[in-house]
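Visitor: Structure for this input, please:
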Amino acid sequence: MSLVIVEKPREHVSVIKLNRPERLNAMSFELMSEFYDVLREVAADNTCWVVVLTGEGRGFCSGLDLEDPGAIPGIEDMALSRVGMLAMSHFSRAVPALRDLPQPVIAAVNGCAYGGGLCLSLGADMRFCSESAVFNATGIINGLTSTELGASFLLPRLIGVSRSNDMLLTGCKIDAVEAERIGLVSRVLPEGDVVEHAIDVAEKMCELSAFGLQMTKTVCWANLETNSLRAAIDLEDRNQLLLGNTENLIECIAARRENREPVYTDLPRSDLRSD
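Guide: Numbers count the residues shown, from 1 in each chain. Below you'll find the model as predicted:
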């Protein structure tokens with residue numbers, strides 16, 4: 001049985017589902033190997049424009065499986081001193097892998113998002129959750145550190161340093177209402193509705209320009225890491241110019257005049273093409 005499932009419920013929308021419901025989708029070495037394989041598959045799917053990430057059953061992801069993490073892959077003939085770092089990176093590259101997807105990712109958090117599960121949600125571009133969702137930085141409770149998988153970088157940028165430090169240093173649990181209040185998630189849905197709502201939003205996003213979605217995600221992530229307003233604007237200018245050189249804006253203006261919905265093709269502007 002696959003530990004990570006890909007479904008295509010709507011045109012241009014892919015749902016990636018962690019599939020260890022009996023372990024609340026805890027992260028094992030095998031699950032993460034499949035996760036990276038699936039991300040590569042989805043990234044190469046040019047018919048997919050938006051991704052929904054969720055978990056099977058009653059949990060999003062409960063973090064690292066402490067009882068049954070499985071075998072570390074690729075350690076044959078490797079010195080013991082190198083094995084630890086390889087094991088760590090097998091989990092810690094999950095968020096950069098989500099960032100590297102060309103498609104925007106909506107995390108549909110159904111139930112617990114603990115430890116690495118919290119971090120996976122931080123690696124998405126948008127976060128919706130069910131009323132039963134609970135977020136927790138579990139590492140500190142387990143005698144480790146909660147600063148893992150990019151949490152110390154992403155969490156303070158999402159909810160501010162004070163609230164982030166509170167979560168990371170105390171291991172407090174954040175319910176859905178509090179998560180929305182502090183900006184950790186943008187929408188809270190009734191129980192059982194979060195995945196379908198995320199798919200509906202993804203489908204609506206697919207009425208937009210696929211190229212525009214990709215470039216917007218790229219710039220949002222890049223400018224999250226820059227400390228210069230001028231550098232941020234320069235990158236925005238270049239990416240806006242890329243879209244300005246397509247037929248999209250011309251189509252938008254025509255659609256408004258004709259009182260219809262625009263159909264964006266991302267094709268180069270005909271008046272700029274040389275025959």
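Visitor: And the helices in the stretch 1-150 of the chain?
Guide: For the stretch 1-150 of the chain, the helices defined by DSSP state H, counting those that start in this stretch cover 29-43, 80-92, 94-100, 116-122.
Visitor: among those, which is nearest Arg230?
Guide: With C-beta to C-beta as the criterion, Arg230 lies closest to helix 94-100 of the helices of the stretch 1-150 of the chain, at 23.2 Å. C-beta coordinates here come from the backbone N, C-alpha and C atoms, glycine included.
Visitor: Show me what counts as buried in that closest one.
Guide: Buried residues in helix 94-100, counted by 16 or more other C-beta atoms under 10 Å: Ala94, Val95, Ala97, Leu98, Arg99.
Visitor: Distance from that helix to the middle of the chain?
Guide: Here the centre of helix 94-100 is set off from its chain's centre by 8 Å, with C-alpha atoms, centre = their mean, to the nearest Å.
Visitor: Show residues contacting that helix.
Guide: The contact list for helix 94-100 (C-beta atoms under 8 Å, 6 or more residues apart in numbering) reads 32, 35-36, 39, 43, 53, 105, 116, 119-120, 122-124, 149-150, 154, 221.
Visitor: got it, and stretch 6-15?
Guide: With contact meaning C-beta under 8 Å, 6+ apart, stretch 6-15 is reached by 5, 16-17, 38, 41-42, 45, 47-54, 103, 195, 199, 202-203, 206, 210.
Visitor: Just the buried ones from the residues you listed?
Guide: For the contacts of stretch 6-15, buried by 16+ other C-beta under 10 Å: 16-17, 38, 42, 45, 48-54, 103, 195, 199, 202-203, 206, 210.
Visitor: where among the helices of the stretch 1-150 of the chain is the average confidence lowest?
Guide: With a mean of 86, helix 80-92 has the lowest mean pLDDT of the helices of the stretch 1-150 of the chain.
Visitor: Show me which positions of that helix end up buried.
Guide: By neighbour count on 16+ other C-beta under 10 Å, the buried set for helix 80-92 is His90, Phe91, Ser92.
Visitor: From Asp125, how far out is the closest residue to Leu18 other than its chain neighbours?
Guide: Residue nearest to Leu18 in three dimensions, not counting chain neighbours: Asn25, with 3.9 Å by C-beta to C-beta, 6 or more residues apart in numbering. Computed as C-beta to C-beta, to the nearest Å, the Asn25 to Asp125 distance reads 20 Å.
Visitor: what about these two, which has more around it?
Guide: Counting neighbours by other C-beta atoms under 10 Å for Asn25 and for Asp125 shows that Asn25 has the greater number, 31 against 20.
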